[in-house]
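Colleague: missing the sequence, but the structure's below:
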Ligand code: M6R
């Protein structure tokens, strides 16, 4: 978590840093701070607990002198609470060096003890100040920031991206990364650093991803990348595929509202270029046909919303490619002894491409000989770099902490993968493939239909339910992960207790929760695909209705069987069984968003959370 930004160039850096931090605030918003080397060559810094606005207010009241070299940080607290003192930057070498950090330094306690024994005193409870003090001590010995970094980084255990500047070396920012993200923005006479490209995309779309255990030094004219030993490293720049307008609210009340509305586009963009002659052909997977034919097991690993996308993907890949698929939460996966072999394909899913749990699962799988493929929404991110192959979702930047458009794009990518593998393995008849392709192509318009037809009514329903203390969600088959996702959305942004269940599990315990008035959303599968499954869900509805539940049904147009038992019916257009999740999730997202709004909550930045979870 935490967002970091750096700038060297000819322009005053404060505005550039603050604008970059505003775009990175989704990564954490417990405190924010900047450090700048001013024209007189002095280092000035300011940091404030709270959201970025608190820092802006402080700078407006007591401005810092202008400077053209600077670093900035927005924090998600790990070591030490969200106070001014624990905010970054942290200073060292008699306040002439400033350092910011994203990650966790696991051996900070022993390093701190060593420094204290050496007479160093600390002003914060953070692991970061320990790194600042170590680099400051080395700087006093060597007078060179790059050398000081090299001397320290190998002593640090855990995850870090560190950025530092020293007032004796104006026009230079040095950074190092291990297990945390770092990207360089390449400008003309200026260069940038950021946790992701959003930090600088309004200034340049040429970027360079910094690899694991690398150090980068930026000046206005040069970007020099080395490994931790100082050996030069070759890196290839890439072009960011979206512009800064894509990361603006653009008149919407929240990023989440904008991103919900962008879902049809996210699906359409993820499909584009991947259909040929009514079949799915994913160009990025060229050359992997032998692997796909040979694979005897797939493990899909992810966290949170991405893991629910994985659960939908399991149904599709098994149906079309006829390979067994297991879904594993990434943080559970590597703490046992999973059966992984050379014929195992591990597919990871991550919007950010930086989720530490998922990254570690990918590395673990590779070490054990599995082939790895990532589904990712962020160019230049770490997880795709650590994987053998990548299928990018093209949802565009997702800023709201609650994932919406990335989720539908992830399911789309998994459907594409299932169809691609089915074709390669010869397990998918051409007519079935062509019908599925047609379903895919029709999805974007159907998503818009749900928004047009149901947005107002679902929002109204949420407004009436603003005082609700608990909401349950039920589903079966691919409706089950959608029930889980509906509950997660509601929990994370409205702080209401919510749980998703497989509807068949109800009678094994959860039905005891039902009391008169308990709201329950039920995702009803189409009777056209399976009359049996549909009938089972309808009888689950009757069971909870008989116990007084207030039943809100999400069912396809024309399904009249649900009417006698539903208090509310939300309609979705007709779609193939494996495509229904992309429609059924939309009203649940709208419901969570509207309920959080009715409670006066910050929909984009819910408490205690950060968009990108880069700690384990
Ligand atoms: O960036 P990732 O897709 O790896 O993130 C995984 C989860 O942290 C993420 O989906 C999280 O559950 C969302 N905030 C849910 O809305």
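Modeller: Thanks, I have it. Here the structure is a predicted model, which means the values were calculated and not measured.

Colleague: contacts, neighbours, all on C-alpha from now
Modeller: Noted.

Colleague: For the stretch 151-300 of the chain, which residue gets nearest to the ligand?
Modeller: residue 256 (10.2 Å; Cα to the nearest ligand atom).

Colleague: can you pull out the helices in the stretch 101-250 of the chain?
Modeller: Counting by DSSP state H, counting those that start in this stretch, one finds helices in the stretch 101-250 of the chain at the ranges 108-117, 128-142, 145-153.

Colleague: relative to helix 128-142, how tilted is the first one?
Modeller: If I follow you right, that is helix 108-117. 50 degrees (axes from the mean of the first three to the mean of the last three Cα atoms, to 10 degrees).

Colleague: Give me the buried positions along helix 108-117.
Modeller: 108, 111-112, 115 (16 or more other Cα atoms under 10 Å).

Colleague: do the same with the longest one
Modeller: Of the residues in helix 128-142, those buried by neighbour count under the rule 16+ other Cα under 10 Å are 128-139.

Colleague: just to revisit the earlier point, could I get the helices of the stretch 101-250 of the chain as JSON lines with distance to the ligand and mean pLDDT?
Modeller: Shown next, in JSON lines, are these (distance: least, Cα to the nearest ligand atom, whole Å; pLDDT from 0 to 100):
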{"stretch": "helix 108-117", "distance to the ligand": "26", "mean pLDDT": "96"}
{"stretch": "helix 128-142", "distance to the ligand": "23", "mean pLDDT": "97"}
{"stretch": "helix 145-153", "distance to the ligand": "26", "mean pLDDT": "97"}
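
Colleague: Using TSV, lay out those together with distance to residue 584.
Modeller: Listed next are the helices of the stretch 101-250 of the chain as TSV, based on distance: least, Cα to Cα, whole Å:
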stretch	distance to residue 584
helix 108-117	47
helix 128-142	44
helix 145-153	48
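
Colleague: Could you list the low-pLDDT ranges of this structure?
Modeller: For the chain, no stretch is flagged by pLDDT under 70.

Colleague: Show me the domain layout of it.
Modeller: 3-246, 249-428, 449-609 (automatic domain parsing).

Colleague: And the furthest pair within the buried residues of helix 108-117?
Modeller: The span of these, defined through Cα to Cα, is set by 108 and 115 at 10.3 Å.

Colleague: Can you work out which residues contact both of the two?
Modeller: Counting by Cα atoms under 8 Å, 6 or more residues apart in numbering, the residues touching both residue 108 and residue 115 are residue 130.

Colleague: which residues are in contact with stretch 544-555?
Modeller: Residues contacting stretch 544-555 (Cα under 8 Å, 6+ apart): 511, 514-526, 541, 562, 565-572, 584.

Colleague: Among those residues, which lie within strands?
Modeller: The strands, defined by DSSP state E, take in 519-523, 568-572 from these.

Colleague: Apart from its neighbours in sequence, what residue is nearest the residue positioned nearest the centre of the chain?
Modeller: Centroid-nearest residue in the chain, with Cα atoms, centre = their mean: residue 352, separated by 3.7 Å. Of all residues not flanking residue 352 in the chain, residue 378 sits nearest, at 5.6 Å (Cα to Cα, 6 or more residues apart in numbering).

Colleague: So that neighbour sits against residue 355, correct?
Modeller: No - applying Cα atoms under 8 Å, one finds residue 378 not in contact with residue 355, separated by 11.6 Å.

Colleague: Can you give me the distance of residue 103 to residue 131?
Modeller: 12 Å (Cα to Cα, to the nearest Å).

Colleague: what about residue 558, which SS state?
Modeller: coil (DSSP: H, G, I helix; E, B strand; the rest coil).

Colleague: ok, back up a step: which of the helices of the stretch 101-250 of the chain sits closest to residue 261?
Modeller: helix 128-142 (39.3 Å).

Colleague: How about residues contacting that closest one?
Modeller: Counting by Cα under 8 Å, 6+ apart, 90-93, 97-101, 105, 108, 111-112, 115, 120, 122, 145, 147-149, 151-152, 156 sit against helix 128-142.

Colleague: and these, which are buried?
Modeller: Counted by 16+ other Cα under 10 Å, these give 90-93, 97-101, 105, 108, 111-112, 115, 122, 145, 147-149, 151-152, 156 as buried.

Colleague: Residue of the stretch 401-550 of the chain closest to the ligand, please.
Modeller: residue 402 (3.4 Å).

Colleague: Just the element for that residue, please.
Modeller: For residue 402, there is no enclosing helix or strand under DSSP states H and E.

Colleague: Hmm, it is touching residue 489, no?
Modeller: Yes - if you go by Cα under 8 Å, residue 402 and residue 489 touch, sitting 6.6 Å apart.

Colleague: So for these two, which sits in the more crowded spot?
Modeller: Taking neighbours as other Cα atoms under 10 Å, residue 402 and residue 489 compare with residue 402 leading, 28 against 24.

Colleague: No further queries at this time; thank you.
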